[in-house]
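>>> Structure here, sequence nowhere to be found:
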């Protein structure tokens, strides 16, 4: 689906919002790309972000999936708006083994009151990407 | 609901599993209590774990809610089992403002193949607790 | 939690809305009770509403759980509003065997823009009630 | 994704299971197509299946989305297995206005113990299809 942003500077605003999220800095996440209704975030699977089996913690997988989904929504909102997660469902498909995670968030259904989003999270292991999580949720603009 | 653990040392096993989760250490989380089918985890809202408005990041809220739910399930599993999250849904009810988060995870329906769980997450602000998130999901024992 | 309706005639409005839902009549559902933020709906497990094993179809379980949750929300909305489901998650806990289903819907977090709700669905079998489903979702008032 | 069924007669088994679901007959649903990991179900929006605004009831939308997802999973299971929904999340994107609903269910991640599925539901109105719901969930084989 092709979406159109509401104003020219949407990319700057999204990137500034991302840079103010301390958690994203803590986990060394980067916004790899942002287009209208589509956002890609990557993060290394740091030692500090693992669970008891050495895989990425579900909290990390959720954090970058939710953020990619949220920023895909923010890219279509008004200039003054910020974005909040109303609800998010995550299905974990495979252990998140490897060096890094890649989250791709998409707007499924834009709207003035609510935006429905989804995200896929992949784990990159020795050059190969495995789908490890699927998210589906709802974003709301702040008033 | 009153649940019965399958062996005497369940508490030790749960606490050891928790202590091996690097992410839980990274966010300074503590397992405040563990009983059969019930687990309480607390974590400070560190500067490093905030989003752009200064509240706890949804990734942090999810991480401790999911962990409390998962360990409530692990307390009822066999001695050799570990626990994995199959899926988790989170509804965010209010901004997570304050000094710390408190997650209470519960087993809703135990089972041999799957365990249905829920969790409430509260934000503690100047001595007052506000419900900020509700989680509902499914856990599976590792084989 | 104790909730207060916004106007005196909320019960009449909720019951009128319920009576205009053809599907609720098709499945012989009844609104057993409605209080501020709390709604109970019952329905027989008709032959026409079963799945291939003779249990209530998940579609029926969802329908009355979602409706009980939705009407618990409507009881707290403005007089002119109607209610729509934004999203709903259902965990199915046990086969829905028996004569009838009983759904209890509750408001978890009221709000002007969105209302977070939950519902429990029980199956009544020879006088005994078994929890068969747990729902958690979001309702929105029509504009 | 290309999936391979475990035995030649999967289509017959899936269609027989579908034909034994009374609810599917009650709502005049038809299994339009079944391939390995992919299932399409259609149903008219009967007067008996509407909500108070004349749109398809969310219970109907859920029922055919969940069934399409479930049968996409069943097509990949062993010959003796039947399928149960563990959990399902539905986001309702637009009012289900029109003459009929079309649900397309897909296997996202096959597995021996669990199968992750998704479904899209479209409403057909005067020859035009609108996406009205998105489902994401988990199926389990009966033992």
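Happy to help now that I have it. Computed from a predicted structure; not experimentally measured.

>>> So for stretch A:102-119, what gets flagged as buried?
Judged by neighbour count (16 or more other CB atoms under 10 Å in any protein chain shown), stretch A:102-119 contains these buried residues: A:102-111, A:114-119. Bear in mind the C-beta positions are built from the backbone N, C-alpha and C, glycine included.

>>> Out of the residues you listed, which are close to chain C?
The overlap between the buried residues of stretch A:102-119 and the neighbours of chain C (CB under 8 Å from any CB of the partner chain) comes to residue A:114.

>>> Nearest the middle, which residue of chain A would you pick?
With distances taken as CA atoms, centre = their mean, the residue of chain A nearest its centroid is residue A:68 (1.5 Å).

>>> which element follows the helix or strand bottoming out on mean pLDDT in chain A toward the C-terminus?
Counting by mean pLDDT, DSSP states H and E, chain A has its least confident helix or strand at helix A:22-26, which shows a mean of 92. Per DSSP states H and E, helix A:22-26 leads on to strand A:30-35 as the next helix or strand towards the C-terminus.

>>> thinking again about what came up before, pretty sure the residue nearest to the centre of chain A contacts residue A:40?
Yes. Using CB atoms under 8 Å, residue A:68 is in contact with residue A:40, at 6.5 Å.

>>> Per-residue confidence, residue A:52, what does it come out as?
pLDDT, residue A:52: 82.

>>> I figured it hits residue B:20, correct?
Yes. The criterion here is CB under 8 Å, and residue A:52 meets it with residue B:20 at 4.0 Å.

>>> neighbour count winner among these two?
Each of residue A:52 and residue B:20 has its neighbours counted (other CB atoms under 10 Å in any protein chain shown); residue A:52 has more, 17 against 14.

>>> and the more buried one, helix, strand or coil?
What DSSP: H, G, I helix; E, B strand; the rest coil gives for residue A:52 is coil.

>>> tell me the contacts of it?
Residues in contact with residue A:52 (CB atoms under 8 Å, 6 or more residues apart in numbering or on different chains) are B:17, B:20, B:21, B:82.

>>> Number of residues surrounding the nearest residue to the last one once chain neighbours are set aside?
The shortest distance from residue B:82 to any residue other than its chain neighbours is 4.4 Å, reached at residue B:142 (CB to CB, 6 or more residues apart in numbering or on different chains). Here the count is done by other CB under 10 Å, and residue B:142 has 10 residues near it.

>>> Check whether stretch A:116-130 comes near chain D.
Yes. Stretch A:116-130 is in contact with chain D by CB under 8 Å from any CB, via A:116, A:118.

>>> which of the residues in that stretch are buried?
Buried residues in stretch A:116-130 (16+ other CB under 10 Å): A:116, A:117, A:118, A:119, A:120, A:121, A:122, A:123, A:124.

>>> One more: stretch A:42-51?
So, applying 16+ other CB under 10 Å, buried residues of stretch A:42-51: A:42, A:43, A:44, A:45, A:46, A:49, A:50, A:51.

>>> what two of those have the greatest distance between them?
The distance between the two most remote of the buried residues of stretch A:42-51 (CB to CB) is 19.6 Å, for A:42 and A:51.

>>> related to what we said a few turns ago, hmm, who's touching the least confident helix or strand of chain A?
Contacts for helix A:22-26 (CB under 8 Å, 6+ apart): A:18-19, A:41, A:63, A:67, B:47-51, B:57, B:59-60.

>>> quick one: contacts for the residue nearest to residue A:59 when sequence neighbours are not counted?
What sits nearest to residue A:59 in space, not counting adjacent residues and going by CB to CB, 6+ apart, is residue B:63, at 2.7 Å. By CB under 8 Å, 6+ apart, the contact list for residue B:63 reads A:57, A:58, A:59, A:60, A:62, A:63, B:23, B:27, B:29.

>>> Include distance to residue D:4 when you put those residues into TSV, please.
Formatted as TSV, these follow (distance: CB to CB, whole Å):
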residue	distance to residue D:4
A:57	33
A:58	30
A:59	35
A:60	33
A:62	32
A:63	35
B:23	37
B:27	43
B:29	43
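
>>> Closest to chain C out of those residues?
residue A:62 (15.3 Å; CB to the nearest CB).

>>> residue ranges of the helices in chain A, please?
Listed in chain order, the helices of chain A (DSSP state H) span residues A:10-19, A:22-26, A:58-74.

>>> Could you tell me the least trusted of the ones you listed?
Minimum mean pLDDT among the helices of chain A: helix A:22-26, a mean of 92.

>>> Would you mind confirming that residue A:72 is in contact with residue A:107?
Yes. Assessed by CB under 8 Å, residue A:72 is found in contact with residue A:107 at 5.1 Å.

>>> Name the residues contacting each of these two.
A:37, A:38, A:117.

>>> is the second one in a bridge, and if so with what?
Right, residue A:38. residue A:35, residue A:106 (DSSP bridges).

>>> One more: the last one?
With DSSP bridges as the criterion, the beta-bridge partners of residue A:117 are residue A:107, residue A:137.

>>> That one against residue A:108, yeah?
Yes. Contact criterion CB under 8 Å: residue A:117 and residue A:108 qualify, at 6.0 Å.

>>> Overlap in contacts, these two.
residue A:136.

>>> shaky segments in chain A?
Along chain A, the model assigns pLDDT under 70 to no residue.

>>> Enumerate the residues of it near chain D.
A:89, A:91, A:93-94, A:108-109, A:116, A:118, A:131, A:134, A:136-138.

>>> repeat that for 10 Å
A:1, A:87-94, A:108-109, A:111, A:114, A:116-118, A:120, A:131-138 (CB under 10 Å from any CB of the partner chain).

>>> Can you tell me which of the residues you listed end up in strands?
Applying DSSP state E to these, the entries found in strands are A:87-92, A:108-109, A:116-118, A:120, A:131-138.

>>> List buried residues within the residues you listed.
A:87-92, A:108-109, A:116-118, A:120, A:132-138.

>>> overlap in contacts of residue A:68 and residue A:40?
Both residue A:68 and residue A:40 are in contact with A:31, A:32, A:34, A:102, A:103, A:104, A:105, A:119, where contact means CB atoms under 10 Å, 6 or more residues apart in numbering or on different chains.

>>> okay but the third one is in contact with residue A:76, surely?
No. Distance between residue A:34 and residue A:76: 11.1 Å, which falls outside the contact criterion (CB atoms under 10 Å).

>>> Mind listing the shared neighbours of those two?
With CB under 10 Å, 6+ apart as the test, residue A:34 and residue A:76 both reach residue A:10.

>>> Kindly state the beta-bridge partners for the nearest residue to residue A:134 once chain neighbours are set aside.
Spatial nearest neighbour of residue A:134, excluding adjacent residues (CB to CB, 6+ apart): residue A:91 at 4.9 Å. Beta-bridge partners for residue A:91, by DSSP bridges, are residue A:134, residue B:87.

>>> Any idea how many residues pack against the residue nearest to residue A:19 when sequence neighbours are not counted?
Leaving aside its chain neighbours, residue A:19 sits nearest to residue A:25 (7.8 Å; criterion: CB to CB, 6+ apart). Residues lying near residue A:25 (other CB under 10 Å) number 13.

>>> same question, the one 10 residues further on
Residue A:35 has 14 neighbouring residues, counting by other CB under 10 Å.

>>> For it, give its distance to residue B:90.
As judged by CB to CB, to the nearest Å, residue A:35 and residue B:90 stand 27 Å apart.

>>> same question, residue A:113
20 Å.

>>> swap in residue A:83?
16 Å.

>>> got it, and residue A:104?
Residue A:104 is 20 Å from residue B:90, by CB to CB.
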